[in-house]
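Just a sequence and a predicted model for now, questions to come.
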There are 2 protein chains.
Amino acid sequence: MKIRIGIMGYGNLGKGIECAIQQNPDMELKAVFTRRDPAGVKILTDGVKVYPAAEAAGMKDEIDVMILCGGSATDLPKQTQEFVKLFNVIDSFDTHAKIPEHYAQVDAAAKESGKVGIISVGWDPGMFSLNRLYANAILTDGQDYTFWGKGVSQGHSDAIRRVEGVKDGKQYTIPVESALEAVRSGENPELTTRQKHTRECFVVPEEGADLAKIENEIKNMPNYFADYDTTVHFITEEELKRDHSGIPHGGFVIRSGKTGWNGEHQHIIEYSLKLDSNPEFTASVLIAYARAAYRLNQEGQSGCKTVFDIAPAYLSAKSGEELRAHLL
Amino acid sequence: MKIRIGIMGYGNLGKGIECAIQQNPDMELKAVFTRRDPAGVKILTDGVKVYPAAEAAGMKDEIDVMILCGGSATDLPKQTQEFVKLFNVIDSFDTHAKIPEHYAQVDAAAKESGKVGIISVGWDPGMFSLNRLYANAILTDGQDYTFWGKGVSQGHSDAIRRVEGVKDGKQYTIPVESALEAVRSGENPELTTRQKHTRECFVVPEEGADLAKIENEIKNMPNYFADYDTTVHFITEEELKRDHSGIPHGGFVIRSGKTGWNGEHQHIIEYSLKLDSNPEFTASVLIAYARAAYRLNQEGQSGCKTVFDIAPAYLSAKSGEELRAHLL
């Protein structure tokens, strides 16, 4: 019997989940739920229906794991603790500062319902967090570095679009190559925000807009751009569509540490991702953890978990024997 | 109370364990065991004794985890299943083809004794295996690549030393940069043995030895060198000692895979290690898993485990709350 997956919210992430299910023969898409009018939501999978979000509760016995594809700002803080009362759930909650609070709420609800809720799954938080944890546990005397990009930052792209005179725009976060090299060399540099990343903006101005004013306003925007070396390019709507419609991302987690009786040996652990599609990769991580949630719950476990709490073997469709014989 | 560690075998790895314990304040070195004459084994830690290996059994209540630092060829196939009858144990068994058999033997003994035995811990098998598993679970449609080096291969250095006329020698395994780049670009190349790694040998000849004959014999040695582009440098004993006494190693695990409804997006996951000291890094991994073995056993678990079976949080001295607040 296949693991029956429900998708709550059909944006880029939800669509990525649908694609990932196709690549995992032990899973099937059971239903997609939306807060929009279901009639207007066209999905890719033949024979699967789109339902109003409010009808999810009625399908609690037909879905093994519900994957919550809403946003971290307002959706997930409510949804995850609500839906874990009915389903095993996975979310990609990424407001780092609020994870402890979110964890506590989901844990309480999940323990009561006897379901498993795995939160903050994806690549950061997610695979990057795992790599920070492993590297810290191994090299206890060391320093962590995380670089993001090259990739599209949704938040910064939104910030650009709010500037007066801007019709559309996209922002790329780019790690500074010389900073990366300094870290890899074991120099353990202290790096300022400006030294780690640059920001590159592609902006479509409205007709007759004051370009110098737009550029100045973007470059000096507090929190978003003022602390960075920012480049602004003005382009046409056609160019934006042609050259910047992808959602690539990625980054680097590096730990540099010492071992030896007198700390005489240096080691570098580096994990990196180069992703053509941020939402599709994130979805692929969520689907692997959906398998884990299902299996853990089958074993009788319940409560809130993070990637730190899940033994890696639970993520794979292969058996323990196969994994030991072929991947160990 | 600290986790009390025993070290069985005091070579490079055992010494690495001793150094790693110093970096982990929740652990203490309780005893070192050796098959040599204990009087001739000088360790670094004040106040800790060296015992004959045969006396280990008598200390079963004083040691929480015994770390087995013997070799995979003859020591560990016997030792791990023997000592897991008395202690929680960790080994670095690295004969990939024999892991299933080793697992079965250790599992049977450990289940009977109620102890935990974690086998094949280190970086390959170990961290590299983990990264293969995670990357395979996420990108189910993709290809795996593992490159080793630049680093010293003990087996190949031993092979050089067995050649007639060779007094001493050291061999470095070096990944081919252009092959690495082809993999990173997402080309999914099919790579032959020769295309992935080169081998560089530093050889100290005996006086009056036939250098051309030595070079020829090394380069054509089946299994070890014949399938590789091999370079042989003749150097003096002083040069070998001065320039080649370290034990660096490292390598790369890369998975390249596709997502999307039609596989239209490409992703690259890369994990790499650059290690000044292979045995000290390996020891640091073993010590982290020793913590896990102790905790799992405290929870009542027993049996054989691999890195695939251990939830990452067990490796860290930090609490779940701390991990979620700071590393997630």
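Right, received. Where do you want to start?

so where do the helices sit in the stretch 51-200 of chain A?
Counting by DSSP state H, counting those that start in this stretch, the stretch 51-200 of chain A has these helices, from start to end: A:75-83, A:99-113, A:127-138, A:154-161, A:177-184, A:193-196.

out of these, which comes closest to B:Ala53?
The minimum distance between B:Ala53 and the helices of the stretch 51-200 of chain A falls on helix A:127-138, with 27.5 Å, by Cβ to Cβ. For every residue, glycine as well, the C-beta is placed using N, CA and C.

which other residues reach that closest one?
Taking contacts as Cβ atoms under 8 Å, 6 or more residues apart in numbering or on different chains, the residues outside helix A:127-138 that touch it are A:120, A:142, A:144, A:146, A:251, A:253, A:255, A:257, A:269, A:271, A:273, A:285, A:306-308, B:127, B:130, B:134, B:138, B:269, B:271, B:281, B:284-285, B:288, B:291, B:312-313, B:315-317, B:323, B:327-328.

Looking at that helix now, give me its mean pLDDT.
Mean pLDDT, helix A:127-138: 98.

out of everything not next to it in sequence, what's closest to the closest residue to chain B within the stretch 101-250 of chain A?
When distances are taken as Cβ to the nearest Cβ, the stretch 101-250 of chain A reaches nearest to chain B at A:Ala137, 3.9 Å away. The spatial neighbour of A:Ala137 that comes closest, neighbours along the chain excluded (Cβ to Cβ, 6 or more residues apart in numbering or on different chains), is B:Leu315 at 3.9 Å.

Give me the pLDDT for the one you found.
98.

swap in A:Gln154?
In this model, A:Gln154 is scored at 89, pLDDT.

Near it, how many other residues are there?
The number of residues packed around A:Gln154, counting by other Cβ atoms under 10 Å in any protein chain shown, is 16.

ok, now which ones touch it?
When contacts are taken as Cβ under 8 Å, 6+ apart, A:Gln154 is in contact with no other residue.

What about A:Lys305, how many residues nearby?
Neighbour count of A:Lys305, defined by other Cβ under 10 Å: 27.

can you check A:Thr230 too?
Summarising burial for A:Thr230: neighbours were counted as other Cβ under 10 Å, giving 19.

buried stuff in the helix or strand where it lies?
With elements taken from DSSP states H and E, the one containing A:Thr230 is strand A:229-234. Residues A:Thr230, A:Val232, A:Phe234 are the ones in strand A:229-234 that count as buried (16 or more other Cβ atoms under 10 Å in any protein chain shown).

out of the helices of the stretch 51-200 of chain A, deepest packed?
Most buried of the helices of the stretch 51-200 of chain A by mean neighbour count (mean count of other Cβ atoms under 10 Å in any protein chain shown) is helix A:127-138; its value is a mean of 25.

tell me the angle that helix makes with helix A:99-113.
If you take axes from the mean of the first three to the mean of the last three Cα atoms, to 10 degrees, helix A:127-138 sits at 100 degrees to helix A:99-113.

A:Asp229 pairs with what?
With beta bridges defined as DSSP bridges, A:Asp229 has these partners: A:Thr198.

so what's it up against?
With contacts taken as Cβ under 8 Å, 6+ apart, A:Asp229 has the following neighbours: A:Arg194, A:Thr198, A:Arg199.

Verify the stated contact: the first one with A:Asp227.
Yes: the pair A:Arg194 and A:Asp227 passes the contact test of Cβ atoms under 8 Å, sitting 6.0 Å apart.

Would you check that A:Ser272 makes contact with A:Gly250?
Yes: at 6.9 Å, A:Ser272 and A:Gly250 qualify as touching, with contact defined as Cβ under 8 Å.

beta partners of the closest residue to A:Asp64 other than its chain neighbours?
Setting aside the residues directly before and after it, A:Asp64 is nearest to A:Arg4 in space (Cβ to Cβ, 6+ apart), at 4.6 Å. Under DSSP bridges, the beta-bridge partners of A:Arg4 are A:Glu28.

so A:Arg4 makes contact with A:Asp26?
No: no contact is recorded between A:Arg4 and A:Asp26 when judged using Cβ under 8 Å, the distance being 10.8 Å.

that older thread, what angle do the strand holding A:Thr230 and helix A:154-161 make?
Computed by the same axes, to 10 degrees, the angle between strand A:229-234 and helix A:154-161 is 60 degrees.

I'd like the next helix or strand past strand A:229-234.
Using DSSP H and E, the helix or strand that follows strand A:229-234 towards the C-terminus is helix A:237-243.

So which bits of that next one are buried?
By neighbour count, with 16+ other Cβ under 10 Å as the criterion, the buried positions of helix A:237-243 are A:Leu240.

quick one: contacts for A:Glu217?
Listed by Cβ under 8 Å, 6+ apart, the contact set of A:Glu217 reads A:Val163, A:Glu164.

part of a strand, is it?
No: according to DSSP: H, G, I helix; E, B strand; the rest coil, the state of A:Glu217 is helix, so it is not within a strand.

Could you report the pLDDT at it?
The predicted local distance difference test score for A:Glu217 is 97.

How about the contacts made by the closest residue to A:Asp210 other than its chain neighbours?
In space, A:Asp210 comes closest to A:Gly165 once its chain neighbours are excluded; the distance is 6.2 Å by Cβ to Cβ, 6+ apart. When contacts are counted by Cβ under 8 Å, 6+ apart, A:Gly165 touches A:Pro205, A:Glu206, A:Ala209, A:Asp210, A:Lys213, A:Ile214.

Give the buried residues for the helix or strand hosting the last one.
A:Ile214 belongs to helix A:211-219 when elements are defined using DSSP H and E. By neighbour count, and taking 16+ other Cβ under 10 Å as the criterion, the buried residues in helix A:211-219 are A:Ile214, A:Glu215, A:Glu217, A:Ile218, A:Lys219.

So the fourth one is in contact with A:Tyr228, correct?
No: applying Cβ under 8 Å as the test, A:Ile218 and A:Tyr228 come out as separate, 10.7 Å apart.

what residues does stretch A:195-210 touch?
The set of residues external to stretch A:195-210 that reach it, using Cβ under 8 Å, 6+ apart, is A:147-149, A:156, A:160, A:164-176, A:179, A:189, A:211, A:214, A:218, A:225, A:228-237, A:239-240, A:243-244.

So which residues on the stretch 101-250 of chain A come close to chain B?
Along the stretch 101-250 of chain A, the residues adjacent to chain B under the rule Cβ under 8 Å from any Cβ of the partner chain are A:103, A:120, A:125, A:127, A:129-134, A:136-141, A:184.

Apply 7 Å and report the result again.
For the stretch 101-250 of chain A, the residues in contact with chain B (Cβ under 7 Å from any Cβ of the partner chain) are A:103, A:120, A:125, A:129-130, A:132-134, A:136-141.

mind listing what's buried in stretch A:49-63?
A:Val50, A:Tyr51, A:Ala53, A:Ala56, A:Met59, A:Ile63.

and the last one, what does it touch?
Which is A:Ile63. Taking Cβ atoms under 7 Å, 6 or more residues apart in numbering or on different chains as the criterion, A:Ile63 is in contact with A:Arg4, A:Gly6, A:Lys30, A:Ala31, A:Phe87.

Assess the claim that A:Lys219 and A:Asp227 are in contact.
No: at 10.8 Å, A:Lys219 does not count as touching A:Asp227 under the criterion of Cβ atoms under 7 Å.
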